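In: just a sequence and a predicted model for now, questions to come.
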Amino acid sequence: QVQLVESGGGLVQPGRSLTLSCAASGSIFSIDAMGWYRQAPGSQRELVARVARTGGASYADSVKARFTISRDNAKSAVYLQMNSLKAEDTAVYFCYAKIKRTGAIYYSEIWGQGTQVTVSS
């Protein structure tokens, strides 16, 4: 079984920083894209940032220049450095990855359980 485990969420004041981490474990043959989504109360889940296996990254317009996504392929991990946080960044953040399990033919989308980020004074 393959799973993603997130960590690093919490309560932070506006303007401060927070780093989310996500590590994949299990019978993994290969990991393609990794990324972060978020879902605020009453809203749809939205893409925050995505990073390809080769390191190329893309961001939602709302977080460009404030958030940085990175990955460590040796650790099967992805990170989200969030700076200058705003109240509107408050949401549950979900890690996701396209993973090919050992012995599988296709990649599957795997999701983490989510971690709460609350930005409030």
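Out: That came through, no problem.
In: all contacts plus neighbour counts: C-alpha atoms, from now on.
Out: Fine.
In: and the residue located most distally from the centre of the chain, how close does it get to residue 32?
Out: Within the chain, the residue lying farthest from the chain centre (Cα atoms, centre = their mean) is residue 103, at 25.8 Å. From residue 103 across to residue 32, the span is 16 Å (Cα to Cα, to the nearest Å).
In: over to residue 22?
Out: Separation of residue 22 from residue 32 (Cα to Cα) stands at 15 Å.
In: do a quick rundown of the strands in this structure.
Out: For the chain, the strands defined by DSSP state E occupy 3-7, 10-12, 18-25, 28-39, 46-51, 57-59, 67-72, 77-82, 91-101, 108-111, 115-119.
In: contact partners for the residue farthest from the centre of the chain?
Out: residue 29 (Cα atoms under 8 Å, 6 or more residues apart in numbering).
In: residue 101 now?
Out: If you count contacts by Cα under 8 Å, 6+ apart, residue 101 has them with 2, 27, 28, 29, 30, 107.
In: in those, which residue is surrounded by the most others?
Out: The most crowded member of the contacts of residue 101, judged by other Cα atoms under 10 Å, is residue 28 (17 neighbours).
In: so what's that one bridging to?
Out: residue 101 (DSSP bridges).
In: so how far is residue 85 from it?
Out: 34 Å.
In: end to end, how far does stretch 108-121 reach?
Out: With Cα to Cα, one end of stretch 108-121 sits 39 Å from the other.
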